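1. okay, sequence plus prediction incoming.
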Amino acid sequence: DQQVKQNSPSLSVQEGRISILNCDYTNSMFDYFLWYKKYPAEGPTFLISISSIKDKNEDGRFTVFLNKSAKHLSLHIVPSQPGDSAVYFCAARGPSGSARQLTFGSGTQLTVLP
Amino acid sequence: DTGVSQNPRHKITKRGQNVTFRCDPISEHNRLYWYRQTLGQGPEFLTYFQNEAQLEKSRLLSDRFSAERPKGSFSTLEIQRTEQGDSAMYLCASSLTAQPQHFGDGTRLSIL
């Protein structure tokens, strides 16, 4: 069973516009969520995170929103730049006392068009 | 650069052979994780160490897989009697307690 889902395999956005990447989860025990960016031939790079006690976290052009009741989070990139083109993974982590490994979605390929 | 280092970057081997991968985490990180990633999927958790203790193993980690972190620093992942289905990218990550995990660039395993 896929506990973290990214239902859009790909997204294309014009440079300067907003990119919105979505993620849904099923396990209500997840208490911490992360977004990673991955370029080809490289490992995932940590981008931004949010604790379940918050509903928004912002870092420069990147903002993550969490809707716990809907078990949904999203990553907003404003403005989008060509260098943002990469695969974006949503990940979730269990609460303190559990193994703390990350459960990943299958990723969304973002292409920012110049 | 003091990021997570994985060696080798690529490994090609024949089915039935044993392979071993190495991961050097960020030096002060006490937690080390192994993940496996196949095409079109996100990384899947394999196993986790806190210092030298292996605290969790996934169902994905069959008896042919073994991981060690003998002195709480670097780690090795060994696959015995490799099978076609073992072809994947093997990723290592490290973290401080409760902090985001930082990943290496992985070892790509190809089974002929």
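-> Yep, it's here. Please read all numbers here as calculations on a predicted model, not as lab measurements.
2. center of chain B, which residue is that?
-> B:Trp34 (3.6 Å; CA atoms, centre = their mean).
3. and the helix or strand in which it is found, what's its mean pLDDT?
-> Using DSSP states H and E, B:Trp34 sits within strand B:31-37. When pLDDT is averaged over strand B:31-37, the result is 95.
4. what do you get for stretch B:41-55?
-> On average, stretch B:41-55 scores 93.
5. leaving out chain neighbours, which residue sits closest to B:Pro70?
-> The spatially closest residue to B:Pro70, leaving aside those adjacent along the chain, is B:Glu52, at 6.3 Å (CB to CB, 6 or more residues apart in numbering or on different chains). From N, CA and C alone the C-beta is placed, and that goes for glycine too.
6. quick revisit: the residue nearest to the centre of chain B touches B:Gln54, doesn't it?
-> No - B:Trp34 is beyond contact range of B:Gln54, at 10.1 Å (criterion: CB atoms under 8 Å).
7. what do the two both touch?
-> B:47-48, B:67 (CB atoms under 8 Å, 6 or more residues apart in numbering or on different chains).
8. run through these and flag the ones next to chain A.
-> The overlap between these and the neighbours of chain A (CB under 8 Å from any CB of the partner chain) comes to B:Tyr48.
9. can you flag the buried ones in the shared contacts of B:Trp34 and B:Gln54?
-> B:47-48, B:67 (16 or more other CB atoms under 10 Å in any protein chain shown).
10. closest to chain A out of those residues?
-> Proximity of these to chain A (CB to the nearest CB) peaks at B:Tyr48, which lies at 5.6 Å.
11. just to check, that closest one is in contact with A:Gln101?
-> Yes - if you go by CB under 8 Å, B:Tyr48 and A:Gln101 touch, sitting 5.6 Å apart.
12. nearest spatial neighbour of A:Pro79, skipping sequence neighbours?
-> A:Gly16 (4.6 Å).
13. neighbours of A:Lys54, just the number please.
-> Using other CB atoms under 10 Å in any protein chain shown, the number of residues around A:Lys54 comes to 13.
14. can you get me a residue count around the closest residue to chain A within chain B?
-> With CB to the nearest CB, the shortest gap between chain B and chain A falls at B:Gly42, namely 3.0 Å. Using other CB under 10 Å, B:Gly42 is surrounded by 23 other residues.
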